[in-house]
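A.B. asks: Next input, structure requested:
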Amino acid sequence: MIDTTTLWTVIILLGIGSFGLRFVFTGLVGDRAMPAWLLRHLRYTAVAILPALVAPQVVWPTATEGAFDTPRAAAAAITLCVGLFTKNVLLAILSGAATLYGLLYLLG
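C.D. replies: Numbering: from 1, shown residues only. Reported below is the predicted structural model:
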């Protein structure tokens, strides 16, 4: 169990760090033109965030204590395929969610 003081210290420091990173781009650099190479790299940031958040829940799902789970793997595969073929993020997320909850309902 984590100590309450440690927990709040981590939360506050992460908040300060998050604010600082955002402030650098919006407050300090927001009125200046950025180089083309930096803008090209920043375009991929949003694309990398969702897989980074979802991958641990597919590979080591907490709900199954780290054991492989067919509904989660199938939902990830469907989401990836729909996203690649349609280039529609919302449709990919919704199809993955429908697959996950549909399979959990059918198998559970």
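
A.B. asks: what about residue 83, how many residues close to it?
C.D. replies: 19 (other CB atoms under 10 Å). For glycine as for every other residue, the C-beta is placed from the backbone atoms N, C-alpha and C.

A.B. asks: ok, and the closest non-adjacent residue to it?
C.D. replies: residue 92 (3.5 Å; CB to CB, 6 or more residues apart in numbering).

A.B. asks: which residues touch the one you found?
C.D. replies: 79-80, 82-83, 86 (CB atoms under 8 Å, 6 or more residues apart in numbering).

A.B. asks: List only those of these flagged as buried.
C.D. replies: Among these, the ones that count as buried by 16 or more other CB atoms under 10 Å are 79, 82-83.

A.B. asks: Can you pull out the residues in contact with the helix or strand that contains residue 41?
C.D. replies: Using DSSP states H and E, residue 41 sits within helix 36-43. Here helix 36-43 makes contact (CB under 8 Å, 6+ apart) with residue 34.

A.B. asks: The helix or strand bottoming out on mean pLDDT in the chain: how far from the chain's middle?
C.D. replies: Ranking every helix and strand in the chain by mean pLDDT, DSSP states H and E puts helix 45-59 at the bottom, with a mean of 83. Distance, stretch centre to chain centre, for helix 45-59: 4 Å (CA atoms, centre = their mean, to the nearest Å).

A.B. asks: just checking, what packs against it?
C.D. replies: helix 70-86 (3 or more CB pairs under 8 Å, 6 or more residues apart in numbering; DSSP states H and E).

A.B. asks: Which secondary structure elements does the helix it packs on sit against?
C.D. replies: So helix 70-86, by 3+ CB pairs under 8 Å, 6+ apart, packs with helix 45-59, helix 89-107.

A.B. asks: Let me see the contact set for the nearest residue to residue 100 once chain neighbours are set aside.
C.D. replies: Leaving aside its sequence neighbours, residue 100 sits nearest to residue 75 (CB to CB, 6+ apart; 3.7 Å). Residues near residue 75 by CB under 8 Å, 6+ apart: 58, 96-97, 99-100, 103.
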